[in-house]
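Peer 1: Whatever this is, show me its structure:
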Amino acid sequence: MSSVIRQIPLDTATQHHAHDFHQIVIALRGSADFDIEGLGGSIESFGGCIVPANHMHYYTGTGNNRQLILDLPTDALTLTGHHHELARLFDAPRFFTLDGHLRLYLEFLTTELSQLDAQDARRDIDEERLATTLLGALHSRLTSGEIPSNSHRRIDLHALDRYIDDHLSSQLKVADLAAIACLSETRFTERFRLQTGLSPWQYVMRRRLEASRQLLQCSHLPLSEVAALTGFTHQSALSRAWRRAYGHPPSQLRRLGSTAVTTQP
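Peer 2: Numbering: from 1, shown residues only. Okay, here's the model as predicted:
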């Protein structure tokens, strides 16, 4: 299956779904809010988000918005062969802002798309090349490991943990976590990954899963309530996260008792 690049507005009423391909969404006009399995954020012009395959995400467009959307199957040419390293972009959800050079490339990309003939047999190849260049540039920026000159100041993880735990049942946004550390979203995400080896989403998900495990072991609350208290949008989202992290549904923990073995995601 080939990559697909499209330009559409997002519905101003909240929608949600999951799909078996990766996705990148970049705001061309207006803004949109995303919640990707419990980690939320807003994208505005030249801002975007990465949605890994099979991740439930809620989204809402604001006003007269228009988004550039890249649908990227896991076996697309853009993510395989010589370009297999680009698949690392989808290790976890994240939000980003395009720099000046990438903004110019985005303008070039949209212009090129408008000139492609929908009936041309080469259109798929041309779209794949445009997508590969964009992903390559994003990959070099988001996984470069570059840090700002004041990087010696470490993020206070204890303060961050308190905030996450106090707001676990709510939507947590990268911007909120970054504000605790007094950093921009981009700097916070870069520094957080360098300090912990995890993306903010992976870290929050670990705390959600651990909190849900404790509730399952120490209470008789129904799974739907456990999901709500630990920030999962519904019971099926909790079950999907448990299967991905532990290899079994949360109900199995109760069936086997508190001695059931789980491992960190």
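
Peer 1: a helix runs through residue 154, doesn't it?
Peer 2: No: the assignment for residue 154 is coil, going by DSSP: H, G, I helix; E, B strand; the rest coil, so no helix is present there.

Peer 1: Leaving out sequence neighbours, find the closest residue to it.
Peer 2: residue 195 (6.0 Å; C-beta to C-beta, 6 or more residues apart in numbering). Where you see a C-beta, it was placed from the backbone N, CA and C, and this is true even at glycine.

Peer 1: Can I get the helix or strand containing the one you found as CSV, trimmed to CA atoms?
Peer 2: Taking DSSP states H and E as the definition, residue 195 sits inside helix 185-196. Only the C-alpha atoms of helix 185-196 are listed here, as CSV (Å, rounded to 0.1, in the frame of the first residue of the first chain):
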residue,chain,number,x,y,z
GLU,A,185,6.7,22.0,24.1
THR,A,186,9.5,21.3,21.6
ARG,A,187,12.3,21.8,24.1
PHE,A,188,10.5,19.9,26.8
THR,A,189,9.9,16.9,24.5
GLU,A,190,13.6,16.9,23.4
ARG,A,191,15.0,17.2,26.9
PHE,A,192,12.5,14.8,28.5
ARG,A,193,13.4,12.1,26.0
LEU,A,194,17.1,12.6,26.6
GLN,A,195,16.7,12.6,30.4
THR,A,196,14.3,9.6,30.7
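
Peer 1: Show the subsequent helix or strand relative to that helix.
Peer 2: Taking DSSP H and E, what comes next after helix 185-196 is helix 200-218.

Peer 1: For that next one, which helices and strands make contact with it?
Peer 2: Helix 200-218 is packed against strand 39-43, helix 157-166, helix 174-180, helix 185-196, helix 223-229, helix 235-246, helix 250-256, with contacts defined by 3 or more C-beta pairs under 8 Å, 6 or more residues apart in numbering; DSSP states H and E.

Peer 1: can you count the residues close to the residue nearest to residue 154?
Peer 2: Neighbours of residue 195 under the rule other C-beta atoms under 10 Å: 13.

Peer 1: which residues touch it?
Peer 2: 154-155, 157 (C-beta atoms under 8 Å, 6 or more residues apart in numbering).

Peer 1: can you put those residues in CSV and add neighbour count, distance to residue 135 and pLDDT?
Peer 2: Shown next, in CSV, are the contacts of residue 195 (neighbours: other C-beta atoms under 10 Å; distance: C-beta to C-beta, whole Å; pLDDT from 0 to 100):
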residue, neighbour count, distance to residue 135, pLDDT
154, 10, 31, 84
155, 19, 28, 91
157, 14, 31, 93
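
Peer 1: So the residue lying closest to residue 30 once chain neighbours are set aside, which state does it fall into?
Peer 2: Nearest residue to residue 30 in three dimensions, chain neighbours excluded: residue 65, at 2.9 Å (C-beta to C-beta, 6+ apart). Secondary structure, three-state DSSP: residue 65 is strand.

Peer 1: Spit out the contact partners of residue 65.
Peer 2: 9-10, 12, 27, 29-32.

Peer 1: which one among those residues gets closest to residue 128?
Peer 2: Checking the contacts of residue 65 against residue 128 by C-beta to C-beta gives residue 27 as the nearest, at 22.8 Å.

Peer 1: thinking that closest one is in contact with residue 49, fair?
Peer 2: No: distance between residue 27 and residue 49: 9.2 Å, which falls outside the contact criterion (C-beta atoms under 8 Å).

Peer 1: Residue 133 against residue 105, yeah?
Peer 2: Yes: counting by C-beta under 8 Å, residue 133 touches residue 105, with 7.0 Å between them.
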